[in-house]
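Asks: For reference, the sequence and a predicted model appear below.
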Amino acid sequence: MSSIPPIGPSRVPDSDRESNGSNSSTLQKISDIFEKVRSFFQTSHLGTRSSEAQDPGFEKVQIKQSSAFITGWTCKKKKNQQLKWTQKKSLEEIEELNEKQFPSIQPTSKIIEAYKVSFFTPYISRVLKSIGFQFDEARSDIFYSPTKERLELYIKDLKTKNPALSGLRLYDADLILPPDQFLELMLDDVLICGNGPENVHDLYFHIAPMLTNITRDPENYLRFKQDQKKLINGYLEQLQKAEEYEKKFLEDLNCALIKAGGSEIDMDQWTRTKQIIKYSLGAYLDIYSSLYFEDKFPPTEELTDDFLKILNSIIIRQPKWIKAWAKELHLTESEQDQVSQDGNTSLIIQYLYEKAKLDKE
């Protein structure tokens, strides 16, 4: 699997999932350390919030590329409520665009060919076709997707057959969404579909795999969404507490960092780390909305494990994501390096997770 590009921005690397290497042992060490200081968390004087309070008070940040997004595909509407996509730029040109416009990447003939070989079984191909997605057997520089009207009809039919999916809907997204709105939509039963040229990204990397997996296993999808909401909302509540009890929060955090072998941070460092974590929560949801076709929806235990691994991967391991959040938050190269190479970052991610877990007990 590791040789095949994932659908959408890279999910947890195979090396993280399968090996007993340094990253895995580091995460285990962090977990062990924080088990030892759980009593410290329990005696913290931070106030508590209702689980219903979920507004993190985010500032606006750009989730998708703006109207400057450059596409390598042409699109023509067909009579049967389908869109025909044809690759107009060379493979090398689109790969270069994907480097520059990450995470708003777009498919290439190479990626499509790899998916046809590895993911598109006869059954999955039939499901995709029923939704409106088709792939030419002879050519990988052409594919067909449903129009928004056809998608809406398919979702309506899916909800009729599965009443528990009553909240599932398509959302016409603006090019820029503030993170609180983006998180709210992604945590809800919403499929985001852009109105501009970046729509090729939304359709291919998100809507195709999500609708396929929902069609295959609607009951497990609903369980998956509830698990995901618990994880994210727990983090959002901790970030909100950090806003409300900023001085006390930082004191407690620094005490925990020192006990865990880290170092103290000042308010500026915490503010920067908090902004990156906020961005990374949106990136995490973006990644998980582009599940591998074969993965379907992971069990609760795996989802929890992946949550911590993915946040660490986004912030300190994957160069493309590090570059993305640094650019988004207008950080200098030295500020970027300080965060991505700082051992405190993993400890803070684990700290927030443990605090959220304790608050639910």
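Replies: Everything's here; your move.

Asks: quick one: buried residues of stretch 251-263?
Replies: By neighbour count on 16 or more other C-beta atoms under 10 Å, the buried set for stretch 251-263 is Asp252, Leu253, Asn254, Ala256, Leu257, Ala260, Gly262. C-betas here are computed from N, CA, C, even on glycine.

Asks: Report how many residues lie close to Tyr284.
Replies: 23 (other C-beta atoms under 10 Å).

Asks: For it, which three-state class applies?
Replies: helix (DSSP: H, G, I helix; E, B strand; the rest coil).

Asks: in which helix or strand would I find the closest residue to it other than its chain neighbours?
Replies: Nearest residue to Tyr284, sequence neighbours excluded (C-beta to C-beta, 6 or more residues apart in numbering): Ile310, at 5.2 Å. Assigned by DSSP states H and E, Ile310 belongs to helix 300-312.

Asks: Who are the packing partners of that helix?
Replies: The helices and strands touching helix 300-312, judged by 3 or more C-beta pairs under 8 Å, 6 or more residues apart in numbering; DSSP states H and E, are helix 22-36, helix 218-244, helix 267-288, helix 344-360.

Asks: rerun at 10 Å
Replies: Applying 3 or more C-beta pairs under 10 Å, 6 or more residues apart in numbering; DSSP states H and E, one finds that helix 300-312 makes contact with helix 14-18, helix 22-36, helix 218-244, helix 267-288, helix 344-360.

Asks: ok, and the closest non-adjacent residue to Ala208?
Replies: Closest residue to Ala208 apart from its sequence neighbours, by C-beta to C-beta, 6+ apart: Phe133 at 5.3 Å.

Asks: swap in Leu303?
Replies: In space, and not counting its chain neighbours, Leu303 is closest to Asp227: 5.3 Å by C-beta to C-beta, 6+ apart.

Asks: okay but the one you found is in contact with Asp305, surely?
Replies: No - Asp227 lies out of contact with Asp305 (C-beta atoms under 10 Å); the separation is 11.8 Å.

Asks: Identify the contacts common to those two.
Replies: Listed as contacting both Asp227 and Asp305 by C-beta atoms under 10 Å, 6 or more residues apart in numbering are Pro298, Pro299.

Asks: In terms of neighbours, single out the busier of these two.
Replies: Asp227 (19 against 16).

Asks: Relative to Tyr288, how far out is that one?
Replies: Asp227 is 11 Å from Tyr288, where distance means C-beta to C-beta, to the nearest Å.
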